[in-house]
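Student: One predicted model, sequence on top.
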Amino acid sequence: MAKKQVMEGNAALAEAAVRGDCRFFAGYPITPQSTITEYLSSRMFEVGGTFIQAESEIGSVFMVQGASAVGARAMTATSGQGFSLMTEGMSMLNAQDFPAVIKRMSRPGDGAGDGGSDLRGVRFFPEILLSCDHTDGRYARTDDGSGYPAGIQGTFG
């Protein structure tokens, strides 16, 4: 039986991406995904991958596009506001059929004071969008070997 390890949810997701051969991560640290960026800043070095702390969410998605274009398994992570800034880059990934993982973390509110989630305005890309409501699902869905999904969306549940 495999040894069990206790990990924080974002670290588990990041480790699953590494074990799924992700070797390029570009991200801009923004809560609640900052711990993904922090974890991969050292883990990518350990596995011979590339870690870039981008100047913005826009920069990170275009860096991921470039890495994907040359064949790297590439990933970025963001929150609701950052995801909105990435839409042009995601459109280009889609138009060029470049695979990438874009991990989108959800905050419990939308910032407008009405109590809704910041997930509401982002359901417009026809690519694979997996969602999970607990940490176990984050790991299982990130480590899914069925074609390297275009997006992974997680919520706190």
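Tutor: Arrived safely.

Student: OK, contacts around Gln96?
Tutor: 65, 69 (Cβ atoms under 8 Å, 6 or more residues apart in numbering). C-betas here are computed from N, CA, C, even on glycine.

Student: how about a cut-off of 10 Å?
Tutor: 65, 68-69 (Cβ atoms under 10 Å, 6 or more residues apart in numbering).

Student: can you check Ala69 too?
Tutor: 92-93, 96, 98, 100.

Student: Which members of those are positioned in helices?
Tutor: If you go by DSSP state H, these have 92-93 in helices.

Student: Which positions in whichever strand or helix holds Met63 come out as buried?
Tutor: Assigned by DSSP states H and E, Met63 belongs to helix 57-69. When burial is assessed from 16 or more other Cβ atoms under 10 Å, helix 57-69 yields the following buried residues: 57-65, 67-68.

Student: In TSV: these, plus distance to Thr87 and pLDDT.
Tutor: Output for the buried residues of helix 57-69, formatted as TSV (distance: Cβ to Cβ, whole Å; pLDDT from 0 to 100):
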residue	distance to Thr87	pLDDT
Glu57	10	94
Ile58	10	95
Gly59	14	96
Ser60	13	96
Val61	9	95
Phe62	12	96
Met63	16	96
Val64	14	95
Gln65	13	94
Ala67	19	95
Ser68	17	92
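
Student: From the residues you listed, pick the one nearest Ala77.
Tutor: Among the buried residues of helix 57-69, Ser60 lies closest to Ala77 (Cβ to Cβ), at 8.5 Å.
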